[in-house]
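In: Mind looking at a prediction? Sequence and model below.
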Amino acid sequence: MLRLAIQKSGRLSEDSLNLIRECGISFLSASYKLKTEATNFPLEILYLRDDDIPGYVQDGVADLGIVGQNVLVEAGFPGLEVEGLGFSKCRLSLAVPRAAAYDSIEDLQGVNIATSYPQILGQYLTERGVKANLHTISGSVEIAPSIGLAEAICDIVSSGSTLLGNGLREVETVFRSEAVLIANQNLSAEKKELLEQLQFRMQAVRRARRNKYILLNAPVAALDAVKQLLPGIKSPTVTPLAEEGWVSVQSVVNEDDFWHITSQLKAVGAEGILVLPIEKMIS
Ligand SMILES: Nc1ncnc2c1ncn2[C@@H]1O[C@H](COP(=O)(O)OP(=O)(O)OP(=O)(O)O)[C@@H](O)[C@H]1O
Ligand SMILES: O=P(O)(O)OC[C@H]1O[C@H](OP(=O)(O)OP(=O)(O)O)[C@H](O)[C@@H]1O
Ligand SMILES: [Mg+2]
């Protein structure tokens, strides 16, 4: 049985649980239960603080984990990463009070900086020849300048609204992060096999999320143009309609290209365009 550690409650929790469920793995969850067993896959789920996950996986207490790269690298175990999961995307940035002068990283020489990421920030500054005084605090970092604890901060930024709401201005991006799957490096052959099965499912789910199934009607004369726009996985499925001179085309389209392609399809004569979500996609 594989043991997977995920965050108990926080920014990673919901997306981690959704990904496991979309992999077709069922389990009961109750907020007071910190350990649960899947009913249809040899998997045990541990609910932990995210900071503890890299260490538990490194030590083999858990075989796998889902954690932000920021926490993984800060903990000093970047080698445990198996693959990116595409959610909880954020960056670790340096910020200063909105009115403070700032031209370059040199301006942080000798400055007090509050952060929860002293390792990542320390390395970033050292590489740039900057010596600053790092004050490690575990949360609410953005408050530090306004209470006189530090002149600058380094913390996670996503929309930027926490910085804005606290009168701060982002000045440098130190690190970019997303949620990653991590694994212990000495898994048994049986556990490696289960990890491969799990990764296969996760990849099928993620590929499906990035794509849509598209159906449309088109005049036969427009078919070549439609095929150019919708190459599909191998090639689109084309079936004749009951009405002479028309075909139905079925294909797969990348979500990012969808709106752009749809307007081009309409321009070449496509009608009745239907778009459906895909549950799993195996290449
Ligand atoms: N605003 C955000 N947008 C996107 N991802 C974020 C954001 N804030 C944090 N993250 C990512 O989610 C992870 C967990 O964030 P969260 O704020 O839940 O951590 P935490 O408060 O340290 O949780 P815990 O109680 O488990 O220690 C972060 O390490 C980061 O990778
Ligand atoms: O740029 P934004 O979209 O505003 O997001 C950034 C904020 O999100 C995180 O905190 P979170 O809200 O998870 O609270 P926490 O301090 O409890 O971790 C992070 O520590 C920042 O404070
Ligand atoms: Mg934490």
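Out: Thanks, I have it. Everything numeric here is computed off the predicted structure, so don't read it as measured data. Ligands and ions are numbered 1, 2, ... in the order given.

In: got the contact list for residue 155?
Out: 92, 93, 95, 115, 116, 117, 141, 142, 162 (C-beta atoms under 8 Å, 6 or more residues apart in numbering). Every residue, glycine included, has its C-beta placed from N, CA and C.

In: Ligand 3: which of these is nearest?
Out: Nearest to ligand 3 among the contacts of residue 155 is residue 116, at 8.1 Å by C-beta to the ion.

In: burial measure for the closest one, as a count.
Out: Residues near residue 116, counting by other C-beta atoms under 10 Å, number 21.

In: where does it sit relative to residue 216, distance-wise?
Out: Using C-beta to C-beta, to the nearest Å, one obtains 50 Å as the distance from residue 116 to residue 216.

In: List the buried residues of the longest helix anywhere in the chain.
Out: Longest helix of the chain, by residue count under DSSP state H: helix 189-210. Of the residues in helix 189-210, 191, 194-195, 198-199, 201-206, 208-209 count as buried by neighbour count, 16 or more other C-beta atoms under 10 Å.

In: Please produce a markdown table containing these, extended by distance to ligand 3 and pLDDT.
Out: Compiled in a markdown table, the buried residues of helix 189-210 are given as follows (distance: C-beta to the ion, whole Å; pLDDT from 0 to 100):
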| residue | distance to ligand 3 | pLDDT |
| --- | --- | --- |
| 191 | 26 | 98 |
| 194 | 27 | 98 |
| 195 | 25 | 98 |
| 198 | 24 | 98 |
| 199 | 25 | 98 |
| 201 | 27 | 97 |
| 202 | 23 | 97 |
| 203 | 27 | 96 |
| 204 | 30 | 95 |
| 205 | 26 | 96 |
| 206 | 25 | 95 |
| 208 | 30 | 94 |
| 209 | 26 | 92 |
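
In: want to throw those into a markdown table with distance to ligand 2?
Out: Converted to a markdown table, these look like this (distance: C-beta to the nearest ligand atom, whole Å):
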| residue | distance to ligand 2 |
| --- | --- |
| 191 | 32 |
| 194 | 31 |
| 195 | 29 |
| 198 | 27 |
| 199 | 27 |
| 201 | 28 |
| 202 | 24 |
| 203 | 28 |
| 204 | 29 |
| 205 | 25 |
| 206 | 23 |
| 208 | 27 |
| 209 | 22 |
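
In: so the residue lying farthest from the centre of the chain is in which element?
Out: Most distant from the centre of the chain: residue 244, at 47.2 Å, with distances by C-alpha atoms, centre = their mean. Secondary structure assignment for residue 244, by DSSP states H and E: no helix or strand.

In: swap in the one 5 residues further on?
Out: For residue 249, the element it lies in under DSSP H and E is strand 246-254.

In: can you state the direction angle for that strand and helix 189-210?
Out: Computed with axes from the mean of the first three to the mean of the last three C-alpha atoms, to 10 degrees, the direction of strand 246-254 lies at 120 degrees from that of helix 189-210.

In: mind listing what's buried in strand 246-254?
Out: Per 16+ other C-beta under 10 Å, strand 246-254 contains these buried residues: 246, 247, 248, 249, 250, 251, 252, 253.

In: So what pairs up with the fifth one in the strands?
Out: With DSSP bridges as the criterion, the beta-bridge partners of residue 250 are residue 215, residue 237.

In: right, and it touches residue 212 too?
Out: No: the pair formed by residue 250 and residue 212 falls short of the contact definition of C-beta atoms under 8 Å, at 11.6 Å.

In: near ligand 2, which residues of this protein show up?
Out: Residues of the chain lying close to ligand 2 (C-beta under 6 Å from any ligand atom) are 11, 139, 142, 155, 156, 157, 158, 159, 160, 161, 162.

In: Need the buried ones from these selected in PyMOL.
Out: Those of these that count as buried under 16+ other C-beta under 10 Å are selected in PyMOL with:
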select buried, resi 11+142+155+156+157+162
